[in-house]
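K.L.:
I'll drop the sequence and a predicted model, then ask my questions.
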Amino acid sequence: MANLINSISGITGMLSATELLVAFVAFTVMFLILKSYRQKIPKGTKKMPGPIPLPIIGNLLQLSKNPHLSLTKMSETYGDVFQIHIGTKPVLVLNGLETIKQALLKQGDVFAGRPDLFTFRLVADGQSLTFSSDSGEVWRARRRLATNALKTFATSASMTSSTTLLEEHVSKECHYLLSKFHQIIEEKGEFDPYRYVVVSVANVICALCFGSRYDHDDEEFLNLVNLTDEFGAAAASGNPADFIPILQYLPSRSMKAFVDINKRFLAFINKSVKEHYKTFDKNCIRDITDSLIQHSQEKKVDENSNVKITDQKIVNIVNDLFGAGFDTITTAVSWSLLYLVAHPEIQEKIQKELDQVIGRERRPTLSDRGQLPYTEAFILEMFRHSSYLPFTIPHCTTEDTVLNGYFIPKGICVLVNQWQVNHNPEIWKDPFLFNPDRFLSADGTTLNKNNIDNVLVFGLGKRRCLGEAIGRMEVFLFLTTLLQQMQFSKLDGDKLDMSPQYGLTMKHKRCHITAKLRFPLLSSE
Ligand code: HEM
């Protein structure tokens, strides 16, 4: 003991008063940070496991450039429920299908919140149905309105034919898209599929929301719909700026771009909404925007509850539908084209099935879905293998709870790892192999229901994607219509780079492919 005191006094003798003060402050700060990491755990529950955080930055370095991969790796050590720290903020990471079902389905209300994140506040002036932290009565009523509006303007029957409005819009856009592909191939021999698919898909949701469409060469529209890469990068799960407040004040090129994108998006939507107000006629409801204006004027938002919603919060639901309705589907179609050129034998099998079931005289319709099991299996495998929405949008807990015996505090940000579920070797044999057959019965004639339910792409429970049905229909219609009439292939000698770039939706690098018509284009009628 005497030795220890001697050595301490020896050391202090060598230090100045200023150095001692700095050491004391550093020690106190460390102590306070470590104390802030310690949680009080109620009796009978366990503390969540997880990697030890560093002061100030937490586990930021371990997240790496691909958080879905690093968090999946961590789940092998810590299990389905674990905690990391981004900065000093705790974040819960959920893995494993059964655990995720337990949280989002069985304890759905508790896990239905959205965290109050810096980037989320920048979307739609903080009024977004999807990203704002509102998860109470107002969010529920807005969600119902959005769901009903989509149903009315997408899946109801068209006045002019026996198909749905969605089929009509997709069929028209596919015709323009195929003509455009054909024209570009004649001129240049190759094309960047994403560049054209995004306009066609955005035109479908534009038709539903605003009753309008734009040309493939409309620069203003092109600039708007091509902003999604930067949006997805900033809104991705685990953005440090959402958790380390000082980063919000430092100059950042990507954050400036994100603010700018949101402003431009809002300006585009507001312009369309304004025009709708000017020409609104309650006896002629033309599209989703009109129907939302009508709801706001008649205040028939929700007959079952007394919830009061501002007109603005009703009408700007169209912002969420437009934003969510094109990036997700464009990314699906574009990944599909890449898988098809990487696996020409799979493309050939799909085309054989299309020729047998649909032939070459008419276009595919939704009623063909049941007769095209191989095509459906391909779409499921594209969703699973790419897992291009690696996490759902972050959730947060609305009250203290217990999951798998672990204590989960109220208000904790929750990352739901869809990628881990879709690549879990306990569910999927050879998870990294692209193999549509895994979704088919042994004789290849029917889909395997159990495996379908194991793919996680649209989230689950209260916050599950409200456009899921339309999303699945649209991906099916775009792909079958394109593949029926055109054969796609990679450029000679080209090595496809299929590595995904991390974001809210993960995209492949832009690339060029080529294509040829399988028979003369079907007419637009
Ligand atoms: C293939 C296409 C699509 C995929 C893969 C997809 C996926 C997702 C995912 C993963 C979420 C987050 C779920 C969660 O946080 O737990 C979500 C939310 C949402 N999606 Fe989709 N989506 C697609 C298409 C669409 C379409 C076409 C629309 C509407 C036109 C749409 C509207 C929404 C909305 C409004 C939310 C937020 C729901 C809420 O917070 O209550 N989505 N989607």
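P.N.:
Sure thing, it's come through.
K.L.:
ranges for the strands of the chain?
P.N.:
Taking DSSP state E as the test, the strands found in the chain are 81-86, 89-94, 395-396, 401-403, 406-408, 413-416, 486-490, 513-517.
K.L.:
And the ones you listed: which comes nearest Q183?
P.N.:
Nearest of these to Q183, taken as CB to CB: strand 513-517 at 11.3 Å. No exception for glycine: its C-beta is placed from N, CA and C like everyone else's.
K.L.:
helices or strands up against that closest one?
P.N.:
With contacts taken as 3 or more CB pairs under 8 Å, 6 or more residues apart in numbering; DSSP states H and E, strand 513-517 sits against helix 165-188, helix 317-342, strand 486-490.
K.L.:
Tabulate the strands of the chain in CSV, adding columns for mean neighbour count and distance to L433.
P.N.:
As requested, the strands of the chain are exported to CSV (neighbours: other CB atoms under 10 Å; distance: least, CB to CB, whole Å):
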stretch, mean neighbour count, distance to L433
strand 81-86, 23, 28
strand 89-94, 24, 26
strand 395-396, 24, 31
strand 401-403, 18, 32
strand 406-408, 20, 34
strand 413-416, 24, 25
strand 486-490, 18, 19
strand 513-517, 17, 22
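K.L.:
Residue in the stretch 51-200 of the chain with the shortest distance to the ligand?
P.N.:
Residue of the stretch 51-200 of the chain nearest the ligand, by CB to the nearest ligand atom: T130 (3.7 Å).
K.L.:
what's the burial count for the nearest residue to that residue once chain neighbours are set aside?
P.N.:
Spatial nearest neighbour of T130, chain neighbours left out: D320 (5.0 Å); criterion: CB to CB, 6 or more residues apart in numbering. Look at D320: counted by other CB atoms under 10 Å, it has 23 neighbours.
K.L.:
can I assume D320 is in contact with A146?
P.N.:
Yes: using CB atoms under 8 Å, D320 and A146 qualify as a contacting pair, with a distance of 6.6 Å.
K.L.:
show me what contacts the residue nearest to L165 when sequence neighbours are not counted?
P.N.:
Of all residues not flanking L165 in the chain, S158 sits nearest, at 5.2 Å (CB to CB, 6+ apart). With contact set as CB atoms under 8 Å, 6 or more residues apart in numbering, S158 has these partners: T164, L165, E167, E168.
K.L.:
so the third one makes contact with L477?
P.N.:
Okay, so that is E167. Yes: between E167 and L477 a contact is recorded at 6.4 Å, counting by CB under 8 Å.
K.L.:
Give me the common contacts of these two.
P.N.:
Common contacts of E167 and L477 (CB under 8 Å, 6+ apart): T365, L366.
K.L.:
residues contacting the closest residue to F383 other than its chain neighbours?
P.N.:
Nearest residue to F383 in three dimensions, chain neighbours excluded: V457, at 4.6 Å (CB to CB, 6+ apart). Counting by CB under 8 Å, 6+ apart, V457 touches F383, R384, S387, L389, Q418, N422.
K.L.:
ok now stretch 229-247, how far from the chain's centre?
P.N.:
15 Å (CA atoms, centre = their mean, to the nearest Å).
K.L.:
okay, now V201: neighbour count?
P.N.:
Count around V201 with other CB under 10 Å applied: 27.
K.L.:
Next one, pLDDT for K106 please.
P.N.:
Here, the pLDDT recorded for K106 equals 98.
K.L.:
so how many other residues sit close to it?
P.N.:
Number of residues near K106 (other CB under 10 Å) recorded here: 11.
K.L.:
how close does T375 sit to T480?
P.N.:
Shown here: T375 relative to T480, a distance of 6 Å by CB to CB, to the nearest Å.
K.L.:
So the two - more neighbours on which side?
P.N.:
T480 (28 against 23).
K.L.:
For the residue of the chain found nearest the ligand, list the residues it contacts.
P.N.:
In the chain, no residue comes nearer to the ligand than G467, which is 2.1 Å away by CB to the nearest ligand atom. Residues near G467 by CB under 8 Å, 6+ apart: L150, L321, A324, G325, T328.
K.L.:
ok, so of those, who is nearest V204?
P.N.:
Nearest to V204 among these, counting by CB to CB, is G325 at 7.8 Å.
K.L.:
In this structure the closest one contacts L208, no?
P.N.:
Yes: at 7.5 Å, G325 counts as touching L208 under the criterion of CB under 8 Å.
K.L.:
Show the contacting residues for the residue nearest to R142 when sequence neighbours are not counted.
P.N.:
Using CB to CB, 6+ apart and skipping the chain neighbours, the partner closest in space to R142 is L129 (4.8 Å). Contacts for L129 (CB under 8 Å, 6+ apart) come out as W139, R142, R143, A146, I317, D320.
K.L.:
For L129, give me the pLDDT.
P.N.:
At L129, the pLDDT value in this model is 95.
K.L.:
same deal with R38?
P.N.:
If you check R38, the pLDDT there is 63.
K.L.:
ditto for T279
P.N.:
With respect to pLDDT, T279 has a value of 95.
K.L.:
Q102 is in contact with N404, isn't it?
P.N.:
Yes: contact criterion CB under 8 Å: Q102 and N404 qualify, at 7.3 Å.
K.L.:
who in the stretch 251-400 of the chain is up against the ligand?
P.N.:
With the criterion set to CB under 6 Å from any ligand atom, the stretch 251-400 of the chain comes near the ligand through D320, L321, A324, G325, T328, I329, A332, L389, T392, I393.
K.L.:
I'd like those written out as JSON lines, with distance to E76 and pLDDT added.
P.N.:
Below are these laid out as JSON lines (distance: CB to CB, whole Å; pLDDT from 0 to 100):
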{"residue": "D320", "distance to E76": "36", "pLDDT": "94"}
{"residue": "L321", "distance to E76": "38", "pLDDT": "95"}
{"residue": "A324", "distance to E76": "32", "pLDDT": "91"}
{"residue": "G325", "distance to E76": "36", "pLDDT": "89"}
{"residue": "T328", "distance to E76": "29", "pLDDT": "95"}
{"residue": "I329", "distance to E76": "33", "pLDDT": "97"}
{"residue": "A332", "distance to E76": "29", "pLDDT": "98"}
{"residue": "L389", "distance to E76": "22", "pLDDT": "97"}
{"residue": "T392", "distance to E76": "21", "pLDDT": "98"}
{"residue": "I393", "distance to E76": "25", "pLDDT": "97"}
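K.L.:
and of those residues, the nearest to Y196?
P.N.:
Distance to Y196 across those (CB to CB) is lowest for I329, with 13.8 Å.
K.L.:
Next to the ligand, which bits of the stretch 401-525 of the chain? Give me the list.
P.N.:
V457, F458, G459, R463, R464, C465, L466, G467, I470, G471, V475.
K.L.:
and the closest residue to A149 other than its chain neighbours, how many residues sit next to it?
P.N.:
Distances taken as CB to CB, 6+ apart put I288 closest to A149, at 4.6 Å, once the chain neighbours are dropped. Residues within reach of I288, counting by other CB under 10 Å, total 28.
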